[in-house]
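1. Have a look at this prediction, sequence included:
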Amino acid sequence: MFAIVKVGGKQYRVEEGQQVVVDRVDAAEGATVELPSLLVADGGDLRLAADGKEATVTALVVEHLRGPKIKISRFKPKRGWRKKAGFRAAQTKLEVQKIA
């Protein structure tokens, strides 16, 4: 059994017991969150949220972390202008507990 859930504008395929890293979720570590499901597949049985058969996916917030550093550099040739910056995305690790 698996489900397609939408978190932070992105869609993820999840199964029970699986850990998934998503964009930062506004919940404390150890809290339980409900994820909106778009599709649930159980063998040959498909349930779509558009058909009004929306399933609930419950996940546990394991930890908050930050993604790898992305280095950004810009320059303009023949002018001596350079600019360097970095970025690390805020992320959350979720463990899917139940698909019902």
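-> Ah, there it is.

2. what helices or strands is the lowest-mean-pLDDT helix or strand in the chain leaning on?
-> Using mean pLDDT, DSSP states H and E, the weakest-scoring helix or strand in the chain turns out to be strand 45-48, at a mean of 80. Strand 45-48 sits against strand 32-42, with contacts defined as 3 or more Cβ pairs under 8 Å, 6 or more residues apart in numbering; DSSP states H and E. All C-beta spots, glycine's among them, are computed from the backbone N, C-alpha and C.

3. Tell me the confidence at the nearest residue to residue 68 once chain neighbours are set aside?
-> Spatially, and ignoring its direct neighbours in sequence, residue 68 is nearest to residue 88 (7.2 Å; Cβ to Cβ, 6 or more residues apart in numbering). If you check residue 88, the pLDDT there is 97.

4. can you tell me how far residue 88 sits from residue 44?
-> 43 Å (Cβ to Cβ, to the nearest Å).

5. Next: residue 79.
-> If you go by Cβ to Cβ, the gap between residue 79 and residue 44 works out to 63 Å.
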